[in-house]
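Enquirer: Give me a model of this one.
(one chain, ligands or ions: 1)
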Amino acid sequence: MSSILDSDPEEFRRAGHEAIDWIADFLTSIDRRPVLSRWSPGEVGRTFSSTPSEEGRSYGSLLEDFRSRILPGVTHWNHPAFFAYFAITGSQAGILGELLSAALNVNGMVWRSSPVATELETHVLEWLRGALGLPEGLFGIINDTASINTFLALAAAREATGLEIRAEGMSGRTLPQLRVYCSDQAHSSVEKAALALGFGVRGVTKIASDAGFSLDAGHLAAAIENDQRSGVIPCAVVGTAGTTSTSSFDPIAEMGEIARAAGAWLHVDAAYAGSAMLDPTHRHFWRGVESADSLVVNPHKWLFTQVDCSVLFTRRPDVLRETFSLVPEYLRTPEPVTNYMDYGLQLGRRFRALKLWMVLEHYGLTRLRQTISQHIDFAKRLAESLLARDDVELLAPQRMSVVVFRKLVRSEDGRVDEAASERKTEALLERMNQSGEVFVSHTRLRGTYGIRVAIGNGATTWEHVARILAFV
Ligand SMILES: Cc1ncc(COP(=O)(O)O)c(C=O)c1O
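Expert: Presented below is the predicted three-dimensional model:
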């Protein structure tokens with residue numbers, strides 16, 4: 001007797017073949033679609049019925065709806081001319097990994113809930129650790145996002161102060177002020193994590209960055225010394241290797257020494273640029289990374305792995321475990337193994353290691369390295385072409401695959417008209433994005449508005465990048 005829910009396996013087989021065929025065609029023809037969706041707010045309400053189907057619908061008709069109703073509302077992150085934010089570079093290998101993971105529908109909360117989910121995660125992260133040139137002995141765990149991994153790292157840092165926060169909590173007792181330090185270029189996820197953990201807005205000190213947008217180590221040392229004199233406890237120092245706005249690099253080695261002297265935890269946010277360290281020639285950018293207590297790298301940013309896949313490495317898994325492990329009777333298991341639920345907030349966890357395994361093994365480190373190098377070369381070429389124009393200014397040194405620039409408008413005396421330059425740059429961004437040919441985003445550096453281009457899609461060629469020049 002067949003089940004009530006999925007009563008026709010052949011319908012699934014037919015629809016599955018059709019979906020895979022569609023995906024293969026989609027990936028090879030995506031360039032003909034506008035990168036940025038042209039939907040206006042509220043389209044779902046106008047496009048879809050107000051109640052779901054009572055009797056159910058065939059996969060065939062749903063796939064038809066997918067094509068005609070869903071696709072127009074998609075901004076195509078898999079488009080080779082997607083240059084906004086940091087491209088989430090979904091690859092073919094990653095798609096297969098996700099598909100198979102969905103078929104298994106494994107929840108890897110404890111080892112026995114699916115041994116291979118835990119063991120492949122440990123194994124693949126050991127490969128990744130070695131491939132990035134990180135020191136031996138690091139513990140790795142995959143979570144959904146860098147935001148969550150930074151949250152976990154700062155929670156461990158808070159526990160490492162010895163203030164017994166896990167046991168005693170933070171309310172109803174007098175605690176010294178705890179502080180987290182990062183640069184004024186750090187990603188907002190650092191501040192968000194600090195807010196959620198009770199450090200408070202005033203518990204985060206943003207150290208001024210230098211002319212190249214890297215944290216100034218002298219300012220960090222002075223701020224910590226000053227705080228210590230007034231009884232503040234430096235809890236964590238967060239360095240960024242590849243900042244969001246400009247891909248600048250903080251001086252991790254110096255920050256490590258300062259953090260160690262102050263008894264603070266060093267967390268490194270390499271969510272974007274960490275993947276570039278597959279190539280040893282870039283590793284000088286994060287010199288000193290071996291002193292990090294924890295480090296986050298997002299394969300879903302620049303390692304061609306579907307969102308979500310963010311890796312937290314730590315050399316102090318014992319602290320992470322002390323912070324989060326809480327095992328009720330119904331989750332107790334007899335094996336002396338890693339149970340990843342002990343190292344974070346969430347219990348249930350997807351089998352994300354499967355897609356990362358597929359990506360690393362299918363492409364191989366050489367092809368991954370070459371693709372990332374090519375992106376950096378494209379960024380260099382773009383920056384050089386922009387620099388050659390006298391009405392364009394680069395707002396930051398080009399690093400990795402990020403270029404930030406603005407259009408310049410000069411008044412009659414030759415001086416830059418700031419307000420007019422901003423209007424012209426904003427108008428240029430709108431024109432580019434409305435065209436559907438490219439999608440770029442913006443940032444503001446020391447108050448100056450700029451168009452930010454980040455190259456990261458595996459299918460991007462120079463022709464796609466050159467489209468930007470045609471608009472400028
Ligand atoms: C440097 C950096 N860190 C952290 C994040 C947050 O990443 P996620 O979306 O994985 O939380 C970003 C996002 O772009 C980022 O650029």
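
Enquirer: Now the phi/psi pair for Val403, please.
Expert: phi -130, psi 130 (degrees, to the nearest 10).

Enquirer: Quick one: the helices in the stretch 351-472 of the chain, in order.
Expert: For the stretch 351-472 of the chain, the helices defined by DSSP state H, counting those that start in this stretch cover 353-387, 418-435, 462-471.

Enquirer: hmm, I was thinking of the stretch 1-150 of the chain
Expert: 9-29, 43-47, 59-65, 92-104, 115-131, 146-159.

Enquirer: deepest of these, which one?
Expert: helix 146-159 (a mean of 25; mean count of other Cβ atoms under 10 Å). The C-beta positions use only the backbone N, C-alpha and C, and glycine is treated the same way.

Enquirer: Touching, Gly73 and Gly45? I think so.
Expert: No. The pair Gly73 / Gly45 is not scored as a contact, 11.8 Å apart, by Cβ atoms under 8 Å.

Enquirer: Quick one: residues contacting Ser310.
Expert: Counting by Cβ atoms under 8 Å, 6 or more residues apart in numbering, Ser310 touches 142-146, 148-149, 271, 296-300.

Enquirer: now do Ala153
Expert: The neighbourhood of Ala153, defined by Cβ under 8 Å, 6+ apart, consists of 193, 236, 265, 267, 293-294, 296, 312, 314.

Enquirer: repeat that with 7 Å
Expert: 267, 294, 312 (Cβ atoms under 7 Å, 6 or more residues apart in numbering).

Enquirer: Which members of the residues you listed are positioned in strands?
Expert: Counting by DSSP state E, the contacts of Ala153 place 267, 294, 312 in strands.

Enquirer: What sits closest to the last one if chain neighbours are left out?
Expert: By that I understand Leu312. Asn149 (3.9 Å; Cβ to Cβ, 6 or more residues apart in numbering).

Enquirer: what's the helix or strand for the nearest residue to Leu266 once chain neighbours are set aside?
Expert: Excluding its sequence neighbours, the residue lying closest to Leu266 (Cβ to Cβ, 6+ apart) is Ala259, at 4.3 Å. Taking DSSP states H and E as the criterion, Ala259 maps to helix 252-262.

Enquirer: before we move on, the earlier item: mind putting the ones in strands among the contacts of Ala153 into JSON lines with distance to Leu132 and neighbour count?
Expert: Formatted as JSON lines, these follow (distance: Cβ to Cβ, whole Å; neighbours: other Cβ atoms under 10 Å):
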{"residue": "His267", "distance to Leu132": "16", "neighbour count": "30"}
{"residue": "Ser294", "distance to Leu132": "14", "neighbour count": "28"}
{"residue": "Leu312", "distance to Leu132": "13", "neighbour count": "28"}
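
Enquirer: And these, which is closest to Met400?
Expert: His267 (20.2 Å; Cβ to Cβ).

Enquirer: which stretches of this structure have low pLDDT?
Expert: Across the chain, the ranges flagged by pLDDT under 70 are 1.

Enquirer: So which bits of it are right by the ligand?
Expert: Along the chain, the residues adjacent to the ligand under the rule Cβ under 6 Å from any ligand atom are 85-86, 145-147, 187, 189, 240, 243-244, 269, 271-272, 298, 310.

Enquirer: Can you flag the buried ones in the residues you listed?
Expert: Buried members of the residues of the chain next to the ligand, counted by 16 or more other Cβ atoms under 10 Å: 85-86, 145-147, 187, 189, 240, 243-244, 269, 271-272, 298, 310.

Enquirer: out of these, which are inside strands?
Expert: Reading strands off these with DSSP E, I get 240, 269, 310.

Enquirer: Distance check, the last one against Leu125.
Expert: It stands for Ser310. 12 Å (Cβ to Cβ, to the nearest Å).

Enquirer: what do you get for the first one?
Expert: Distance, Thr240 to Leu125, using Cβ to Cβ: 21 Å.

Enquirer: And the contacts of stretch 366-374?
Expert: So stretch 366-374 is contacted by 275-276, 278-279, 302-304, 458 (Cβ under 7 Å, 6+ apart).

Enquirer: I meant to write stretch 93-100 there.
Expert: With Cβ under 7 Å, 6+ apart as the test, stretch 93-100 has contacts from 23, 304-306, 354-355, 358-359, 362-363.

Enquirer: And for stretch 33-51, what's in contact with it?
Expert: For stretch 33-51, contacts defined as Cβ under 7 Å, 6+ apart pick out 69, 72-76, 79, 81-82, 433, 436, 438-439.

Enquirer: Max pairwise distance over those: which two?
Expert: Longest span within those, Cβ to Cβ: Arg69 and Val438, 25.2 Å.

Enquirer: Could you check which of the two has the larger neighbour count?
Expert: More crowded of Arg69 and Val438, by other Cβ atoms under 10 Å: Val438, with 23 against 13.

Enquirer: Do a quick rundown of the helices in the stretch 151-300 of the chain.
Expert: Going by DSSP H, counting those that start in this stretch, the stretch 151-300 of the chain shows helices at 165-168, 188-196, 217-229, 252-262, 299-302.

Enquirer: Most tightly packed of these?
Expert: helix 299-302 (a mean of 28).

Enquirer: How far does that one sit from its chain's centre?
Expert: 6 Å (Cα atoms, centre = their mean, to the nearest Å).

Enquirer: Equivalent analysis for stretch 38-50, please.
Expert: Relative to the chain's own centre, stretch 38-50 is displaced by 29 Å; criterion: Cα atoms, centre = their mean.

Enquirer: circling back: which one of the ones in strands among the contacts of Ala153 sits closest to Ser411?
Expert: Nearest to Ser411 out of the ones in strands among the contacts of Ala153 is His267 (Cβ to Cβ; 45.7 Å).

Enquirer: That closest one touches Ser294, doesn't it?
Expert: Yes. Contact criterion Cβ atoms under 7 Å: His267 and Ser294 qualify, at 4.8 Å.

Enquirer: The closest residue to the ligand within the stretch 301-450 of the chain bridge partners, please.
Expert: Ranked by Cβ to the nearest ligand atom, the top residue of the stretch 301-450 of the chain for proximity to the ligand is Ser310, at 5.0 Å. Note on Ser310: beta-bridge partners by DSSP bridges are Asn143.

Enquirer: ends of stretch 441-459, how far apart?
Expert: Terminal residues of stretch 441-459 are spaced 19 Å apart (Cα to Cα, to the nearest Å).

Enquirer: Actually, stretch 208-215.
Expert: Across stretch 208-215, the terminal residues are separated by 6 Å (Cα to Cα).

Enquirer: tell me which residues of it are tucked away?
Expert: For stretch 208-215, by 16+ other Cβ under 10 Å, it's 209, 213-215.

Enquirer: chain center to it, what's the gap?
Expert: Distance, centroid of stretch 208-215 to centroid of chain: 21 Å (Cα atoms, centre = their mean).

Enquirer: which other residues reach it?
Expert: For stretch 208-215, using Cβ under 7 Å, 6+ apart, the contacting residues are 183-185, 207, 216, 219, 239, 243, 246, 248-251, 255, 396-397.

Enquirer: now with 8 Å?
Expert: Under Cβ under 8 Å, 6+ apart, the answer for stretch 208-215 is 182-185, 207, 216, 219, 239-240, 243, 245-246, 248-251, 255, 396-397, 445.
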